[in-house]
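[1] this one's structure only:
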Ligand SMILES: NC(=O)C1=CN([C@@H]2O[C@H](COP(=O)(O)OP(=O)(O)OC[C@H]3O[C@@H](n4cnc5c(N)ncnc54)[C@H](OP(=O)(O)O)[C@@H]3O)[C@@H](O)[C@H]2O)C=CC1
Ligand SMILES: N[C@@H](CC=O)C(=O)O
């Protein structure tokens with residue numbers, strides 16, 4: 001492509017403005033923002049008013065613009081923008097993990113059809129270059145699992161609760177005010193944001209497209225002081241984990257759940273809005289990537305890194321799609337969980353194969369035992385609606 005990058009940006013919120021700031025401080029790149037499309041033209045912004053539009057066509061139909069940076073908080077609108085931009089021959093960078101989780105397979109096909117680049121490093125783990133590493137370095141079959149803390153907001157909240165005894169709602173409000181949380185923070189605390197990121201990492205790590213609705217996810221919204229007390233008594237912290245693992249040679253398993261984290265585990269050291277990704281493989285064992293997972297500048301710098309990569313015609317090769325071609329998704333896996341419930345009837349929802357510890361008290365009921373992930377997946381919506389907190393007790 002022409003090395004002069006003329007960028008049309010969709011969205012000037014936390015990430016869009018973060019990109020503008022980091023670009024201003026990046027002297028070596030011949031790139032400039034020539035138009036910014038937002039929803040509300042009346043908002044005050046640190047932008048030349050000439051750049052602002054509310055009409056997507058001002059970017060999509062401008063032949064001078066060769067790069068679209070899609071940084072909006074609406075996954076459906078983003079899907080149409082990204083698709084149209086590529087169909088019009090523009091290279092696209094995006095941070096939209098929800099859009100990617102639901103449409104990545106189709107968008108990859110469109111990218112190939114229209115021979116453009118489509119890069120989205122900022123969509124998974126903020127500033128950590130995890131997608132590029134899965135693409136370039138872990139491009140063989142040694143990789144066994146990718147797991148870790150993929151959501152900055154929930155980690156910020158859990159850190160505040162564990163370290164400072166903060167109130168959950170207050171910590172969530174801070175995560176929102178600091179620009180870490182999604183517009184609908186249910187995505188962060190319900191484990192959906194982690195799930196979307198895990199779906200993307202699964203495409204690049206294992207070459208498999210998994211529909212988000214097929215995967216078990218549970219979050220931290222029902223965390224109670226009793227859960228914190230019990231975890232602390234056992235010497236654990238609680239962190240929200242996403243994990244994808246290759247199992248039985250030709251299958252891949254995914255899930256998202258809070259985890260009781262032991263001091264020796266990598267996730268134990270990850271605090272505030274940082275993310276930490278543990279890459280486990282044959283022969284090299286464990287490798288750990290750590291960095292800021294949310295916020296304007298960490299995310300803006302990941303978007304800038306994608307834009308920089310466009311200057312040398314970088315494209316994801318999706319090597320694992322070609323390499324494996326035959327892995328399949330499974331959620332038939334036994335897992336050890338901690339289950340805290342309020343209504344004693346709710347226990348009947350769960351089919352424990354084994355129970356190693358349980359308590360039925362006046363205001364605290366819990367079970368620790370083994371359940372099958374496929375059964376948890378079937379009842380994940382019921383779990384989310386009830387006063388139930390569930391945590392994974394297996395390895396990270
Ligand atoms: N915040 C973070 O740390 C991270 C966010 N992301 C992802 O980046 C994306 C943006 O997030 P964030 O910046 O936090 O969100 P914000 O809510 O801060 O900003 C969203 C921006 O999108 C604009 N917008 C919304 N819908 C449209 C539309 N249809 N057309 C044009 N503009 C639109 C809004 O316009 P207006 O200003 O007029 O309201 C606003 O400028 C999301 O997909 C998010 O998941 C990814 C990694 C980290
Ligand atoms: N809401 C997300 C933002 C980055 O992806 C998070 O908290 O991690």
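    All right, it came through fine. Since we're looking at a predicted model, the values are computed, not measured. Ligands and ions are numbered 1, 2, ... in the order given.
[2] residue in the stretch 1-150 of the chain nearest to ligand 2?
    Residue nearest to ligand 2 within the stretch 1-150 of the chain: residue 126 (5.4 Å; C-beta to the nearest ligand atom). C-beta coordinates here come from the backbone N, C-alpha and C atoms, glycine included.
[3] quick check: closest non-adjacent residue to that residue.
    Leaving aside its chain neighbours, residue 126 sits nearest to residue 293 (4.0 Å; criterion: C-beta to C-beta, 6 or more residues apart in numbering).
[4] surely the residue of the stretch 1-150 of the chain closest to ligand 2 meets residue 299?
    Yes - look at residue 126 against residue 299 with C-beta atoms under 8 Å: they come within range, at 5.2 Å.
[5] what sits opposite residue 354 in the beta ladder?
    With DSSP bridges applied, the residues forming beta bridges to residue 354 are residue 370.
[6] list the contacts of the nearest residue to residue 384 once chain neighbours are set aside.
    Spatially, and ignoring its direct neighbours in sequence, residue 384 is nearest to residue 190 (6.6 Å; C-beta to C-beta, 6+ apart). By C-beta atoms under 8 Å, 6 or more residues apart in numbering, the residues touching residue 190 are 217-219, 221, 384.
[7] any chance of the residues you listed in TSV, plus neighbour count and pLDDT?
    Converted to TSV, those look like this (neighbours: other C-beta atoms under 10 Å; pLDDT from 0 to 100):
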residue	neighbour count	pLDDT
217	25	98
218	24	98
219	26	98
221	17	97
384	16	95
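[8] among those residues, which are located in strands?
    Taking DSSP state E, the ones among the contacts of residue 190 that sit in strands are residue 217.
[9] can you name the residues that contact the nearest residue to residue 347 once chain neighbours are set aside?
    Distances taken as C-beta to C-beta, 6+ apart place residue 341 nearest to residue 347, at 5.9 Å, with adjacent residues excluded. For residue 341, the contacting residues are 347, 365-366, 386-388, by C-beta under 8 Å, 6+ apart.
[10] contact residues of the stretch 101-250 of the chain facing ligand 1?
    Proximity of the stretch 101-250 of the chain to ligand 1 (C-beta under 6 Å from any ligand atom) is limited to residues 122, 126, 179-180, 182-183.
[11] point me to the residue of the stretch 101-250 of the chain nearest ligand 1.
    Residue nearest to ligand 1 within the stretch 101-250 of the chain (C-beta to the nearest ligand atom): residue 183, separated by 4.8 Å.
[12] how about the contacts made by that residue?
    Applying C-beta under 8 Å, 6+ apart, we find residue 183 in contact with residue 73.
[13] try residue 363
    When the contact criterion is C-beta under 8 Å, 6+ apart, the partners of residue 363 are residue 226.
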